[in-house]
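S.K.: Okay, sequence plus prediction incoming.
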Amino acid sequence: MEMPASRTSGMTLLREYGLYHQTRLDGDKNLAGMAASWRKAQERLKAKVDAHDAAAASAMTAMAVRDGEDAALDSSLRAFYGALLAKTGNDRKSPLFDIYFPQGITAIANAPMEMELQKVSILLTKLAQEEDEALKSHMGPITAAMNNLAAAIDHHKAAHDAELQAYGLVEQEKVNWLDAYKFDHRTLVQMFYKDRKKPDSYFKPVPKAKKRNGNGDATPPAAKA
């Protein structure tokens, strides 16, 4: 019997190969013990897969929140930039722009998030010394937006690390699942030693790999074109 590849996703192992094997075992009253044992193997892998799915969802949510906070910080910077334009009569050559946006607003807003936080921190240090109260009033919104983004970045990093850990647990449990799968096959071979084909009938056949062309590519050149 050909085994499912180790790179097969945990969900595919569960929903295809595992479910098929479970159903075949459940259909044979003489294999009740094996069916119960296999059900536990399925449950263990499913628990790890579900945990990874939840962690992946949390990481994606954290990413979306982080990106939203990044957009909010950019918005607060644009509001301040607009206030500078209003104060200088749209004169971007005014000394005020050299103080707060020497390289323009895009150099801050489009910078990688960690670098953006550093640049905004420098801007706020300068803004704290601003004497114009109308301009200085932007310090609060910008500070709040910066802090929110910093917290969102940390939360996303933690969520991403948790996702990676959950993925590793799935991969470990897949090894255990495949070992149990092999064990069941060996057991059935011993039980049905007089019928060499019967043991394989309790397992879903693994599709044969597609033949590769001369370039080592599974997709024909014509299909690519």
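M.R.: Received the coordinates, thanks.
S.K.: Would you mind measuring from the closest residue to K204 other than its chain neighbours to D74?
M.R.: Leaving aside its chain neighbours, K204 sits nearest to Y20 (3.8 Å; criterion: CB to CB, 6 or more residues apart in numbering). In this view, the C-beta of every residue, glycine as well, is placed from N, C-alpha and C. In this view, Y20 and D74 are 51 Å apart by CB to CB, to the nearest Å.
S.K.: quick revisit: pull the number of nearby residues for the residue nearest to K204.
M.R.: Using other CB atoms under 10 Å, Y20 has 14 neighbouring residues.
S.K.: Quick check: nearest residue in space to the spatially most central residue of the chain, chain neighbours excluded?
M.R.: Residue closest to the mean C-alpha point of the chain, counted by CA atoms, centre = their mean, is A56 at 4.9 Å. Among residues not flanking A56 along the chain, E163 sits closest, at 5.2 Å (CB to CB, 6+ apart).
S.K.: Ok, A51 next?
M.R.: Using CB to CB, 6+ apart, the nearest residue to A51 is A166, at 5.2 Å.
S.K.: I'd assumed K48 was in contact with the one you found.
M.R.: Yes - judged on CB atoms under 8 Å, A166 makes contact with K48 at a distance of 7.4 Å.
S.K.: circling back to that earlier point, counting contacts, what elements does the host helix or strand of the residue nearest to A51 pack onto?
M.R.: Using DSSP states H and E, A166 maps to helix 139-191. Applying 3 or more CB pairs under 8 Å, 6 or more residues apart in numbering; DSSP states H and E, one finds that helix 139-191 makes contact with helix 10-12, helix 19-26, helix 32-88, helix 113-127.
S.K.: The third one: how far from the chain's middle?
M.R.: Counting by CA atoms, centre = their mean, to the nearest Å, helix 32-88 is centred 7 Å from the centre of its parent chain.
S.K.: Output the contacting helices and strands for it.
M.R.: helix 10-12, helix 19-26, helix 95-100, helix 106-109, helix 113-127, helix 133-136, helix 139-191.
S.K.: The same query, at a cut-off of 7 Å, please.
M.R.: helix 10-12, helix 19-26, helix 95-100, helix 106-109, helix 133-136, helix 139-191 (3 or more CB pairs under 7 Å, 6 or more residues apart in numbering; DSSP states H and E).
S.K.: For those helices, could you give me a markdown table that also reports mean pLDDT and distance to W38?
M.R.: Compiled in a markdown table, these are given as follows (pLDDT from 0 to 100; distance: least, CB to CB, whole Å):
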| stretch | mean pLDDT | distance to W38 |
| --- | --- | --- |
| helix 10-12 | 97 | 16 |
| helix 19-26 | 98 | 6 |
| helix 95-100 | 95 | 66 |
| helix 106-109 | 96 | 56 |
| helix 133-136 | 96 | 69 |
| helix 139-191 | 98 | 6 |
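S.K.: which stretch among those helices comes nearest V120?
M.R.: Taking CB to CB, helix 139-191 is the member of the helices and strands packed on helix 32-88 nearest to V120, at 5.0 Å.
S.K.: Fine, thanks again, bye for now.
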